[in-house]
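Colleague: dropping the sequence and predicted coords here.
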Amino acid sequence: MRIYQQPLGAEDLDRAVACWVEHFGARHLATFDPAGLAFVAVGDLRIMFERGSAPSRCYLATDDAAVTLERLLASGLTLHSELGDVFDDALGIFGEPAIESLAMVLDTEGNMVGISSRRPHDGQ
């Protein structure tokens with residue numbers, strides 16, 4: 001089994017889809033209105049926007065969170081929490097030993113989107 005879909009809240013489906021296509025490189029799959037649902041894909045993950053649902057959160061992995069965060073902020077998204085190291089995975093619990101960094105931005109619908117990357121320990 002695998003997780004294939006992440007629900008996020010939206011007040012405006014068209015705005016939500018446009019935000020994710022423009023800022024996160026998502027691919028628009030479908031909008032079903034008046035049902036109040038829209039779908040985009042980010043890699044293998046399907047994001048489902050539901051009109052009227054409360055904002056939620058999800059986390060996206062990137063090769064370099066600092067570069068991605070700079071690009072997202074320059075394109076107009078709002079910073080929720082600064083980029084910082086959140087976990088020293090010296091034992092390799094979540095893959096190769098690395099330090100994991102995370103920042104949070106807000107999409108146009110108030111959903112928190114984590115931007116995360118891992119970097120090797122110095123000397124590895």
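Modeller: Nice, thanks for sending it over. Numbers count the residues shown, from 1 in each chain.
Colleague: those strands in this protein, which residues are they?
Modeller: 5-10, 27-32, 37-42, 45-51, 57-61, 78-89, 98-106, 112-119 (DSSP state E).
Colleague: could you redo the ones you listed as CSV and give each row mean neighbour count, mean pLDDT and distance to residue 18?
Modeller: From N, CA and C alone the C-beta is placed, and that goes for glycine too. Listed next are the strands of the chain as CSV, based on neighbours: other C-beta atoms under 10 Å; pLDDT from 0 to 100; distance: least, C-beta to C-beta, whole Å:
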stretch, mean neighbour count, mean pLDDT, distance to residue 18
strand 5-10, 18, 97, 11
strand 27-32, 12, 98, 9
strand 37-42, 19, 98, 10
strand 45-51, 19, 97, 11
strand 57-61, 14, 96, 17
strand 78-89, 12, 97, 16
strand 98-106, 18, 98, 15
strand 112-119, 19, 98, 15
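Colleague: and residue 20, which of those is closest to it?
Modeller: When those are compared by C-beta to C-beta, strand 37-42 sits nearest residue 20, at 4.8 Å.
Colleague: now the angle from the closest one to strand 45-51?
Modeller: 150 degrees (axes from the mean of the first three to the mean of the last three C-alpha atoms, to 10 degrees).
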